[in-house]
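*Asks:* Take this sequence and fold it.
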Amino acid sequence: MAGVYIIIAFAFIYGAQVIGWDESIRNLMFIIVQITAAAGALGFGFIQDRIGTKLTYQFTLLLWVAAILAIWATPEVTALLNARFGLDWEAQHLFLFVGCLAGSRWAPASPPAVPLVRLFSPTRKAAEFFGFWGLANKLAGVFGIIALGLLQTVVGLQASGSCCARRCSSSPS
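*Replies:* Okay, here's the model as predicted:
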C-alpha cells in the first residue's frame, strides 16, 4: 500500500517535471483521480465478492504495474500517436487519461489488503499484526519516497519511474 501512495505522490511530481502540465490540468488531474478512485473501489468491490480477496489483490497489483508503465511512457506514446495519426496532442492531455487509469486502481488496492492481513494474522494477535502493518506502511512510505528521490538524482525522473515499476511487479505488497 505504501508503494501505491508513493506512486500517486510521484505521479504529480512527474507530471510537473517530465510532462510539463499546466496548473489547470494538474487541478483537473486531482479531481479525476478522486472520482476514478471511488468508481474503482466500487467496481473492484464487486469483483472481490466474485473472485476472492487474494486474486483481486493480485489483479490490482498487475493493473498498478500497467498504470506505472503508462505514466512512464506517456511522452513517448504521445509522440508516437501524433506521428502515426497526424494528431497535435500534448503529453499532459494523454497524462489525464493515464491519471484515470491510475486513479481507478488507487482505492481498489487497499480494501483487499485488509482481509489479507486478517487472514495471515493469528486470532489472538490480530491487533498487534494490524498495528505492525500500519507502522510498516508508514515507514515504507517515508523510506520509499526518499529512495525514489535518491534514485531520481542518480538516473533521472523518468528512468526512476521505470525502476519503480519493476520493483512493484516483483513485490507481493
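
*Asks:* give me the number of residues near Ala66?
*Replies:* 15 (other C-beta atoms under 10 Å). To be clear about C-beta, it is placed using only N, CA and C from the backbone, and glycine gets the same treatment.

*Asks:* in which helix or strand would I find it?
*Replies:* helix 53-85 (DSSP states H and E).

*Asks:* downstream neighbour of that helix in the secondary structure list?
*Replies:* Downstream of helix 53-85 (by DSSP H and E), the next one is helix 91-106.

*Asks:* And the contacts of that following helix?
*Replies:* The contact list for helix 91-106 (C-beta atoms under 8 Å, 6 or more residues apart in numbering) reads 4, 7-8, 11, 15, 19-22, 25, 28-29, 32-37, 39-40, 43, 60, 63-64, 66-68, 70-71, 74-75, 77-78, 81.

*Asks:* now the residues you listed: which count as buried?
*Replies:* With neighbours counted by 16 or more other C-beta atoms under 10 Å, the contacts of helix 91-106 contain buried members at 4, 7, 11, 15, 19, 21, 25, 29, 32-33, 36-37, 40, 60, 63-64, 67-68, 70-71, 74, 77-78.

*Asks:* circling back: what's the spacing between the helix holding Ala66 and its chain's center?
*Replies:* Between the centre of helix 53-85 and the centre of its chain there are 10 Å (C-alpha atoms, centre = their mean, to the nearest Å).

*Asks:* Show me what it is packed against.
*Replies:* Judged by 3 or more C-beta pairs under 8 Å, 6 or more residues apart in numbering; DSSP states H and E, helix 53-85 is in contact with helix 2-14, helix 23-51, helix 91-106, helix 113-120, helix 157-170.

*Asks:* helices and strands around the first one, which ones?
*Replies:* Okay, so that is helix 2-14. helix 23-51, helix 53-85, helix 91-106, helix 126-155, helix 157-170.

*Asks:* quick one: average confidence on that helix?
*Replies:* When pLDDT is averaged along helix 2-14, the result is 74.

*Asks:* Would you mind measuring from the closest residue to Val77 other than its chain neighbours to Ile68?
*Replies:* Using C-beta to C-beta, 6 or more residues apart in numbering and skipping the chain neighbours, the partner closest in space to Val77 is Leu94 (6.4 Å). Going from Leu94 to Ile68 by C-beta to C-beta, to the nearest Å gives 15 Å.
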